[in-house]
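Turn this into a structure:
(2 chains)
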Amino acid sequence: MPTENPPSPQPEDYPASKLVSRLLKLSWNYRWGCLLVLFLQIFQVGLTLSALGFTGLGIDVIHHASNPEVPEANWPFGIAPPDSWSPINELLLVSALILSFALTKMVLGFANTVAVGHLVHRQIVVDLRSQVYKKLQRLSFRFYDGSASGSIINRVTSDVQMVRTFIDGVMLPVFIVALSLFFYLNYMLRIHVLLTLACLATTPLLWGLAIYFSKKVRPAYKRNRVLVDDMVLRLAETIQGIAVVKGFGREKEEQERFFSKAEYVREQQGWIFQQISRFSPSIGFLTQLNMMILLMYGGWLVINEEIALGTGLVVFASLLTQFSNQVNQISGITNQIQRSFTGARRVFEVIDRPVDIKSHGKKAVTLDQTRGDVTFENVSFEYKENATALVDMSFEVKAGTCVAILGATGSGKSAMLSLIPRFYDPNQGRVLLDGHDLRDLDLDDLRRNIGIVFQESFLFSMSIAENIAFGNPDATREQVEKAAKIARAHDFIMAMKDGYDSVVGESGSDLSGGQRQRIAIARAILLEPSILLLDDPTAAIDPQTEHEILEAMESAMRGRTTFVVAHRLSTLRRADLIFVLEKGRIIETGSHEALIQRGGHYSKAASLQIIDDELETFGPIERIDPL
Amino acid sequence: MKLGGGGGGLSSAGTKAGMIEGERPASGVLDLGLLKRLFTFTRPYAKSRNILFVLVIVRGMQLPILAWMVGAIIDSTVANKDLPMLFWSAGAYIVFAAFTDITFCFRMRLALNLGESVIRDLRIKIYDHLLNMRMGYFHRYSLGRSISRFTTDAEAVRMGVQDVLFVTLVQGGQMIGAAVLMAIYDPILFLIVLGLVPILWVLNHHFRKRLSTAHREVQESYSRVTSSIAEAVNGIRVTQGFVRGDLNTSLFHSLAQDHAEQNMKLARTTGFFIPLLEFNSQLFIAILIFFGGYQVLYLDHGIQVGELIMFFFLANLFFSPIQNLGNQYNNALNALAGAERLFNFLDLKPDWEEPDNVKDLPPIQGRVEFDRVKFSYNEDRPALKGVSFTAEPGQTIALVGHTGSGKSTIINLLSKFYLPDEGRVLIDGHDMTEIAGASLYRQLGMVQQQNLLFSGTVLTNILFAKPGATREDVHEVIEALGCRELFEALPEGLDTPVGEKGGGLSLGQRQLVCFARAMLADPRILILDEATSSIDAMTELVLQEALTRLLANRTSFLVAHRLSTIRRADLIMVLQQGEIIERGNHENLLKQDGTYAQLYRQFVQATTEPPKG
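Next up, the predicted model:
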């Protein structure tokens, strides 16, 4: 299994403008939380500015006191303490103010972190995860057929995290940066207009750089996600297929293959890193350039006594640092934008994906209890384009009939079964239940009336009782036991240490195939469905234990319309009707006896097993084997 | 002055990350050993790592110097009103700044690349380690668990290497530099700074434990979320078939909610910790204004305004990293929590080690001998209770018995997936424990119950059995199996893509691919574990014939096969509860009229008897 196959395709390109408006709309749902965070943050910026201003004031007070030539300190809003105050009293007041600002800021800081946490973790992430998860539960099998499970899992886990960074890593910071830049700018302009303009001359360059960088790196981030997904998939498959890898002694080759994958990821990352490590220092240099301008021009202004030393130059220098810190954040934000966009594309792809199979809203016909008449009318179906599975198939099955389906691999047996619970919709024609087109019925009702046993029974890691009650978690223990008894599962369940409360390990690995399948049968009939679909349930079970399941199937079928994919004569014989499928068409239909007499495909296929039968019936063990 | 310098160093170490000192192994986990071990992963990149350290030190010095330059320039303009000097020094400032940024560029790039290299190595190590684990491991641990070691935990470690270590060092250096300069300018004021250090240290100490617990809980709740999703995705067909979507969604919602609460707990702790650190620096500035002012005003020998300003800048430089270090501290905890789980995983020993003196198995005839073999998966339930038998080269052995009777265990031991607890398994007289697994596997073919295929195409899956085989070889194999038509019927023939776990092909088709895969390997010993049971009757017609050819001239072990095949086996062994209770060929066993005869009747009955009632 060389891995040269291309990594899974990218979600179609979603134009950035559309994505932004979509993300903004999403943020709008959390406006109050966002506003609270914004308010807390801005309040903190205000406090920082005030503390800074008072620090400068303190310096000026000291400066004036130590050197009377220097102009007096300029108190804000002209509210100066009375002249009778000694400088040390003034300093005490300034220190006390700085301290009280700091205390308030500390409280706000705590409130802010908690508010962000509440907004992000409790609201946005939980909502998004639930939304994606819910959608995943609804998406039709076509979606799952075409996507690797590792990639689907990532949508709910890391991609959602990336989407929420749009709010707490992009949108809120943008507001905060913008507002604090506005405040800083205001403050600076009040100190000296020309100085401000001179110091900020490089800012447009900064913006340009940020935009250039984001454009350059964006595709690389996208590619990176794909590569990492692919690598994780490789790991997952190796674990799932560990017996094959070990069985063919292919550890070394797999390790080498994985090495090259991991190395590829590293190389690709290296390119991104190279870009980042050029970008950040450039931004840093620009801010230092600002500082140089400040020192030259501001120093000149102080010398000419146009601005004060403390509230002028020192505060200005601090403001400039703060200012460039905020601007520096922009590089972080552009980074986050990339991440959030990549994540958002992948998350929205799931959320937006039309549920191609759903009920007709209120118009849907609700059926409490169906009879179980199933009709196919000129049904054609293909899994995907040019992969035809069923061709113009028509038949009518009366309630209570047992239909066995026989056919070669790929003849359309599973496809036919999949159409009845509407796992797929036919491309042409219609499927009817009790005379209603399936598409007119309430989907949940429909599926509740159908019990399904799959080829390979998937059990969840919960207790056996919960697994049996999977379709109806409110079922009583009596109902569960009743279903288990019908499925001949009761005895072995009771023999287990915790009985019905035994927890099934991942993928039910601690139960035998036969046991799992019997639990699956119990699960299928718990809801007393009028239709039972058995997709070759004996496929993965050894013949020695097969009779146990046959018995379970037998008792489960009673009184239900049953479609069973089967190869065993035993089952075929018991069926009221047999469909022989070939290349998506029913080529023979009738009872076992009728088909045998016809001498067509069926009788040929059956002959192999009949040899066994006759052998046993007539007893000549010594007879020569025809093979 | 000296005292001041030393104090600065101490304080930075205290805030950098309490656990570096490792004076108390917090709940015995986030300790020095872990860091040391993490550090060993940078050894292959020692050169760039060492350059990195130099750059880090250089940058750690550059930053305080830059700040000092600003202070000094302001100081000089006030003191001397020297305009030309101002311009010259501002020019010097920008040149030095450029130099700093170049250092930064390389520092960053080297650190990022180092982190990426380390994580790549870790990924490979994890992968290799997984492949070296014995089958028992895969039966015990879930897939999601291994995946989250690989993704979340490794990612946390990467953060640790890329960011935490070097950013911490730069900022620690910056603090030391600032501390030294402060001590030079005014030892008394500096002593006040020093007075704040114990407070910071106590704070760190207090929050360290709470943060690490909170982090672990966040991670654990996250892995619950992940495994729930993994199961939901894998079991989606069942979920939809049984209309469980809404309930599952609400169950998942509560898991996600729980994860959110853990995150909140963490947020509350950090939300308290970091503002508190910030408050510290403001406290210092308030003190500086008052106390520094007092010195300037009332003590003639005290510092001047210019120096006060310098202190203001340096204090900023000294305190601002503390907040950042608080953040880094969080990341460090995160990284170490990830590293801890990773190392625990990497430290898991395979259930047994292949000794160094194993020899390669020479080309074999295919004689298999079990000599009083005992084995159990877990102690209270023996799976094999002393099984002995011999399979001669070319023989077909059928294993018959109920699920759990020990059939699969014999196969598992024969494939060296497990080693016997007692007794010996011999191949051509070579004890299994003395031969290299790899050399055994080259002569052993397997078709397993799950029919597992990897993503790729049908062709690549078949080629898996024999690296270096060509498309022609595969064609030959398919021809030999007599199922060319079935392969040609696939949408794209041999190039039909196979999805994850073989999705996209039907069970029967997957089985066919597995058959071809085993055939290509052309092994001396072939194991067919419930192989044909999932082939539909039509396909089986073809396959019965193919099977005959496949089994020819090989020692084959068939588990739970079709009766027609079992009947032709040279030796049928009937197993019950880990013991061979009957053995012989079909005729003999029927004559014995024992368990086999009973099983046979049951089976035939099941397949022939019409429904009762």
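
From here on, just use CA atoms for contacts and neighbour counts.
Will do.

lowest-pLDDT helix or strand in the chain?
If you meant another chain, say so; for now it's chain A. In chain A, no helix or strand scores lower on mean pLDDT, DSSP states H and E than helix A:601-618, which sits at a mean of 57.

Switch to chain B, please.
Least confident helix or strand of chain B, by mean pLDDT, DSSP H and E, is helix B:18-21 with a mean of 28.

Skip ahead from that helix and say which helix or strand is next.
As assigned by DSSP states H and E, the chain's next helix or strand after helix B:18-21 is helix B:32-40.

how about the nearest residue to B:F150 once chain neighbours are set aside, secondary structure?
Excluding the flanking residues, the one nearest B:F150 by C-alpha to C-alpha, 6 or more residues apart in numbering or on different chains is B:R123, at 6.4 Å. With DSSP: H, G, I helix; E, B strand; the rest coil as the basis, B:R123 sits in helix.

isn't A:G241 right up against B:Q448?
No - with contact defined as C-alpha atoms under 8 Å, A:G241 does not count as touching B:Q448 (10.5 Å).

list the helices and strands the helix or strand that contains A:V228 packs on?
For A:V228, the element it lies in under DSSP H and E is helix A:203-240. Other helices and strands packing on helix A:203-240, by 3 or more C-alpha pairs under 8 Å, 6 or more residues apart in numbering or on different chains; DSSP states H and E, are helix A:149-154, helix A:251-293, helix A:315-352, helix B:143-148.

what's around the residue nearest to B:F150, how many residues?
24 (other C-alpha atoms under 10 Å in any protein chain shown).

so who does it touch?
A:A262, B:F150, B:A154 (C-alpha atoms under 8 Å, 6 or more residues apart in numbering or on different chains).

before we move on, the earlier item: next SSE downstream of the helix holding A:V228?
Taking DSSP H and E, what comes next after helix A:203-240 is helix A:242-247.

how about the helices of the stretch 351-500 of chain B, start to end?
Secondary structure of the stretch 351-500 of chain B by DSSP state H, counting those that start in this stretch: the helices cover B:407-414, B:437-441, B:458-463, B:471-481, B:484-488.

Show me the domain layout of the chain.
Since you didn't name a chain, this refers to chain A. Per the record, chain A has its domains at A:16-352, A:372-449+A:531-588, A:459-528, by automatic domain parsing.

nope, chain B please
B:2-347, B:360-443+B:526-534+B:562-613.

among the ones you listed, which gets the worst mean confidence?
Confidence, taken as mean pLDDT, is least for domain B:2-347 of the domains of chain B (a mean of 78).

Tabulate the helices of the stretch 351-500 of chain B in JSON lines, adding columns for distance to A:D576.
Compiled in JSON lines, the helices of the stretch 351-500 of chain B are given as follows (distance: least, C-alpha to C-alpha, whole Å):
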{"stretch": "helix B:407-414", "distance to A:D576": "37"}
{"stretch": "helix B:437-441", "distance to A:D576": "48"}
{"stretch": "helix B:458-463", "distance to A:D576": "38"}
{"stretch": "helix B:471-481", "distance to A:D576": "36"}
{"stretch": "helix B:484-488", "distance to A:D576": "30"}
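
Nearest to A:L319, out of those helices?
Checking those against A:L319 by C-alpha to C-alpha gives helix B:458-463 as the closest, at 63.4 Å.

A:Q240 and B:G144 touch, don't they?
No - under the criterion of C-alpha under 8 Å, A:Q240 makes no contact with B:G144, lying 10.8 Å away.

Flag the shaky bits of chain A, pLDDT-wise.
Counting by pLDDT under 70, the ranges of chain A that qualify are A:1-13, A:328, A:331, A:361-362, A:409, A:505-510, A:539-545, A:607-627.

which residues in it form strands?
Counting by DSSP state E, chain A has strands at residues A:374-382, A:388-397, A:402-407, A:428-433, A:436-437, A:450-453, A:531-535, A:561-565, A:577-582, A:585-590.

same check, this time on the stretch 501-613 of chain B
Taking DSSP state E, counting those that start in this stretch as the test, the strands found in the stretch 501-613 of chain B are B:525-529, B:555-559, B:571-576, B:579-584.

Go through those strands and name the closest to chain A.
strand B:555-559 (8.2 Å; C-alpha to the nearest C-alpha).

any idea of the mean pLDDT in that closest one?
Strand B:555-559 comes out at a mean pLDDT of 88.

how far off strand B:525-529 does that strand point, in degrees?
Relative orientation of strand B:555-559 versus strand B:525-529 (axes from the mean of the first three to the mean of the last three C-alpha atoms, to 10 degrees): 10 degrees.

Now find how far off-centre strand B:555-559 is within its chain.
36 Å (C-alpha atoms, centre = their mean, to the nearest Å).

I'd like to know which elements it is packed against.
strand B:396-401, helix B:407-414, strand B:525-529.

cutoff 6 Å now
When contacts are defined as 3 or more C-alpha pairs under 6 Å, 6 or more residues apart in numbering or on different chains; DSSP states H and E, strand B:555-559 packs onto strand B:396-401, strand B:525-529.

Tabulate those strands (JSON lines), appending distance to chain A.
Shown next, in JSON lines, are the helices and strands packed on strand B:555-559 (distance: least, C-alpha to the nearest C-alpha, whole Å):
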{"stretch": "strand B:396-401", "distance to chain A": "7"}
{"stretch": "strand B:525-529", "distance to chain A": "9"}
